[in-house]
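Peer 1: Following is a predicted model, sequence given first.
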Amino acid sequence: MRAITSLSIILASCLSTLLWTGPAAASDHVPGIEDGAANKVKCNGDSEPVLVLTKIGENQYLSYQRVLLDAPIDEVWPELRDIERFVKVVLPDIAPTFMWLDGGGPEKIPSRYQFTSGGVTLVEEIVYRSEAENQILVRLVEPAFGMQQYYAFGDLTKVCGQKTLLEYTRYLELDPTTDPEIFRSLFTQEFIDIQSYFND
């Protein structure tokens with residue numbers, strides 16, 4: 001419980017930094033900082049995905065993404081809450097390498113799992129999930145792929161009648177030699193795949 005509380009503080013602090021003191025503040029306004037992103041999203045089908053990647057400390061970055069999905073929340077949530085299914089959506093090439101660890105599974109929290117990308121095995125853990133709020137939090141267990149730490153918080157909101165807003169906030173602590181732009185490209189492609197999956 002203490003780890004989750006500490007993590008909540010980290011994410012809240014990082015998000016506040018991103019929205020109020022970083023380059024995203026003022027001129028590069030992030031939708032949703034005043035009234036919530038769900039209240040700002042356009043409902044006419046042309047709402048573009050948002051990605052902001054901001055440096056918040058030495059080798060530390062915060063990524064905020066949102067995308068409007070043309071599907072009801074009760075269709076999107078089952079794909080997000082089960083990480084194995086989510087990996088198939090956002091990383092179909094690595095889906096065959098996905099494996100639950102230590103007796104974990106989609107109905108057990110916390111649960112660890114691993115998958116291999118580019119010859120690198122990543123071990124992650126679901127540390128929190130709320131069925132009522134449609135939220136999930138995962139973390140990187142062991143440093144990999146240039147990341148020392150990684151946390152990802154996914155949040156779904158029903159908007160525009162039968163559409164769903166997916167917001168994803170990620171905290172990354174990278175090795176000094178790791179280029180953060182690699183992750184901007186990766187995260188962008190993931191959300192293209194998510195939107196295509198639900199909108200087609």
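Peer 2: Yep, it's here.
Peer 1: Okay, and the beta partners of the residue most central in space within the chain?
Peer 2: Against the mean C-alpha coordinate of the chain, by Cα atoms, centre = their mean, the closest residue is residue 168 at 3.5 Å. Taking DSSP bridges as the rule, residue 168 bridges to residue 65, residue 154.
Peer 1: Quick check, it in contact with residue 65.
Peer 2: Yes: between residue 168 and residue 65 a contact is recorded at 4.5 Å, counting by Cβ atoms under 8 Å. Where C-beta positions appear, they are placed from N, C-alpha and C, glycine not excepted.
Peer 1: Mutual contacts of the two, please.
Peer 2: Listed as contacting both residue 168 and residue 65 by Cβ atoms under 8 Å, 6 or more residues apart in numbering are 187, 191.
Peer 1: ok, which stretches of this protein are strands?
Peer 2: Secondary structure of the chain (DSSP state E): strands located at 50-57, 60-69, 99-101, 111-117, 120-130, 135-140, 147-159, 163-174.
Peer 1: buried stuff in the fourth one?
Peer 2: Buried positions in strand 111-117, judged by neighbour count with 16 or more other Cβ atoms under 10 Å: 111-115.
Peer 1: tally of neighbours for residue 75?
Peer 2: By other Cβ atoms under 10 Å, 12 other residues sit near residue 75.
Peer 1: how about the buried residues of strand 111-117, which pair is most distant?
Peer 2: Longest distance between any two of those is 13.5 Å, between 111 and 115; criterion Cβ to Cβ.
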